[in-house]
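Student: Next one to model:
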Amino acid sequence: MQKRSKLPIIVVVVLVVIAAVAIRYSGLFKSAPEAEKTEESKANPAAADNPTVELKESQLPAIKIGQVERHSFPVEIEAVGSIDFDEDLSVQVFPPYQGKIIQAFAELGDVVTKGQTLYTIDSPDLVQAENALIAAAAQKVLFDKELVRATKLYMDGSGKGVAERELEQATNDQQTAEGAFKAAREAVRVFGKTDEEINRMVDLRKIDPSLVVPSPIDGQITARFAQPGLLVQPGNAPAPYSMADISTKWMLASVMESDAPQIQVGQPVEVSVLAYPGRTFSGKIVKVGASVDPLLHRVTTRSTILDPKHELLPSMICSFKISTRQPVDALAIPENGVVREGDGRLTAWVTTDKRHFLQRELKVGLRSEGRDQILDGLKLGETVVTEGAVFLSNILYAPPSD
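Tutor: Coordinates of the predicted model:
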């Protein structure tokens, strides 16, 4: 009976010893993530709540590392718009008088110079003015001859001369004819005829019904409705030709209602278009809309863009940036070092030994030249992953292998 009572006591003692040993050495069997956090936890007490990843030697080429540095971030507003002709430098080329188009010389898209002939018309008004000129020229010749004859006879002492009164009448008629001739010349010159053309017309007694309509500016033909035989008249749309000075263009863009107060006339802008990646065109704000679109809650702005090589075409999609205040100097890392996690958090990976990597939650601000402004989460000089940060996040959240 005594041997039976001692056996349970021995079993209890053995169990107690085993439990004490397990408690004593339980710290030697930490999980892998806990062991990896130890070194970083000493350097940063907050690191104890952040997961870590240890890379194998073969995995290191998948990432690049660098230091947290300072970077100047411009404070800019961006918007999307489109290119258009500068309407302040656009003209519609109407004929000065009614007539039918005889010939059109310029095609759509042609670049023309000021004074270059665009089209000619057969103008009844020009025909009438030229007929009046030829008649005035004939009258002038007649009265010139009459004055010469009367003067000669008046000066003749043979007694067969004319009276002084007749000489005065001949002089008055000649002066009247001279004035009518000058007025008729000016009337024809209004139609664009040169002195050489007018003199030839007077000498040959032959009218030229062709009225030349020249280009009023240097520019490009933007619209053409000039078909031979078409009856045209001043101000009757559409104009035979429309053209614009294409050395400058307009950019029409819409900015968010919240950004509108920061847009001012005269501010410089940098414009980019899809057709010329990597290039920018300079300009300035010339107009800010006085109302807000009730549906989109955006304000229309207009900028003039310098285009000396005539590269920008109407309706091209473009974007513009405008600096609204002085740049901000702040901490920054490359944008490829920032990871947006599935729950929306922004994170980066920090390392002290280039082998173990600690995940940090970030707050970011501006972005410029491929860098993100760091508002919180990193310190100047810390070593972080600059490329391949997503690779580390994928390892961290990868399901365990069987």
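
Student: Could I get the pLDDT score of the residue nearest to Val265 when sequence neighbours are not counted?
Tutor: Ranked by Cβ to Cβ, 6 or more residues apart in numbering and with sequence neighbours excluded, the top spatial neighbour of Val265 is Ile285, at 5.4 Å. The C-beta positions use only the backbone N, C-alpha and C, and glycine is treated the same way. Ile285 is assigned 91 on the pLDDT scale.

Student: Please name the nearest non-neighbouring residue to Ile101.
Tutor: For Ile101, ignoring the flanking residues on the chain, the nearest one in space by Cβ to Cβ, 6+ apart is Leu230 at 4.9 Å.

Student: hang on, isn't that neighbour packed against Pro240?
Tutor: Yes: the pair Leu230 and Pro240 passes the contact test of Cβ atoms under 8 Å, sitting 7.4 Å apart.

Student: Neighbour count for those two, which is higher?
Tutor: Pro240 (22 against 14; other Cβ atoms under 10 Å).

Student: Distance of the closest residue to the more buried one other than its chain neighbours relative to Gly66?
Tutor: With sequence-adjacent residues excluded and distances taken as Cβ to Cβ, 6+ apart, Pro240 is closest to Ala226, at 3.8 Å. Taking Cβ to Cβ, to the nearest Å as the measure, Ala226 falls 64 Å from Gly66.

Student: got it, and Ala330?
Tutor: Counting by Cβ to Cβ - Ala330 and Gly66 are separated by 16 Å.

Student: cool, Gln92 as well?
Tutor: Taken as Cβ to Cβ, the span from Gln92 to Gly66 is 59 Å.

Student: And the contacts of stretch 61-75?
Tutor: Applying Cβ atoms under 8 Å, 6 or more residues apart in numbering, the contact partners of stretch 61-75 are 55, 321, 323-334, 337, 351, 354, 365-369, 371, 373-374, 378-389, 391-392.

Student: Just the buried ones out of those, please.
Tutor: 55, 330-334, 337, 351, 366, 368, 371, 373-374, 378, 382-386, 388-389, 391-392 (16 or more other Cβ atoms under 10 Å).

Student: Tell me the secondary structure at the residue nearest to Val265.
Tutor: strand (DSSP: H, G, I helix; E, B strand; the rest coil).

Student: before we move on, back to that, tell me, what's touching Leu230 and Pro240 both at once?
Tutor: Joint contacts of Leu230 and Pro240 (Cβ under 8 Å, 6+ apart) are Ile101.

Student: Relative to the helix or strand where Ser319 lies, what are the paired strands and their orientations?
Tutor: Taking DSSP states H and E as the criterion, the element that holds Ser319 is strand 317-334. According to DSSP bridges, strand 317-334 forms sheet pairs with strand 69-85 (antiparallel), strand 268-273 (antiparallel), strand 371-376 (antiparallel).

Student: Reformat these as JSON lines; add mean pLDDT and distance to Glu146.
Tutor: Formatted as JSON lines, the strands paired with strand 317-334 follow (pLDDT from 0 to 100; distance: least, Cβ to Cβ, whole Å):
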{"stretch": "strand 69-85", "mean pLDDT": "87", "distance to Glu146": "60"}
{"stretch": "strand 268-273", "mean pLDDT": "90", "distance to Glu146": "73"}
{"stretch": "strand 371-376", "mean pLDDT": "92", "distance to Glu146": "95"}
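
Student: got those strands as JSON lines, with distance to Pro234 columns?
Tutor: Compiled in JSON lines, the strands paired with strand 317-334 are given as follows (distance: least, Cβ to Cβ, whole Å):
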{"stretch": "strand 69-85", "distance to Pro234": "23"}
{"stretch": "strand 268-273", "distance to Pro234": "37"}
{"stretch": "strand 371-376", "distance to Pro234": "60"}
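
Student: and Val141, which of those strands is closest to it?
Tutor: strand 69-85 (52.1 Å; Cβ to Cβ).

Student: need the strands for the stretch 101-250 of the chain, in chain order.
Tutor: Using DSSP state E, counting those that start in this stretch, the strands of the stretch 101-250 of the chain run over 111-112, 117-122, 210-214, 219-224, 231-232, 241-244, 248-256.

Student: what's the second one in contact with?
Tutor: Applying Cβ under 8 Å, 6+ apart, the contact partners of strand 117-122 are 93, 95, 97, 99-106, 112, 209-215, 226, 232, 240-241.

Student: Asp218 contacts Lys114, correct?
Tutor: Yes: in this structure, Asp218 is within contact of Lys114 by Cβ under 8 Å, at 5.1 Å.

Student: Could you check which of these two is surrounded by more residues?
Tutor: Here Asp218 and Lys114 are compared on neighbour count by other Cβ under 10 Å; more neighbours surround Asp218, at 16 against 10.

Student: Return the per-residue confidence for the more buried one.
Tutor: 88.

Student: Ramachandran angles for it?
Tutor: phi -80, psi 130 (degrees, to the nearest 10).

Student: residues contacting it?
Tutor: Here Asp218 is in contact with Val112, Thr113, Lys114, Asp245 (Cβ under 8 Å, 6+ apart).

Student: Quickly note the distance from it to Val112.
Tutor: Distance from Asp218 to Val112, by Cβ to Cβ: 7 Å.

Student: any weak-confidence spans in the stretch 151-300 of the chain?
Tutor: For the stretch 151-300 of the chain, the stretches with pLDDT under 70 are 157-162.

Student: And the helices in it?
Tutor: 164-189, 195-204 (DSSP state H, counting those that start in this stretch).

Student: do you know which of these lies nearest Ala290?
Tutor: Comparing the helices of the stretch 151-300 of the chain by Cβ to Cβ, helix 164-189 comes nearest, at 45.7 Å.

Student: Mind giving me the packing neighbours of the closest one?
Tutor: On a contact count with 3 or more Cβ pairs under 8 Å, 6 or more residues apart in numbering; DSSP states H and E, helix 164-189 meets helix 124-155, helix 195-204.
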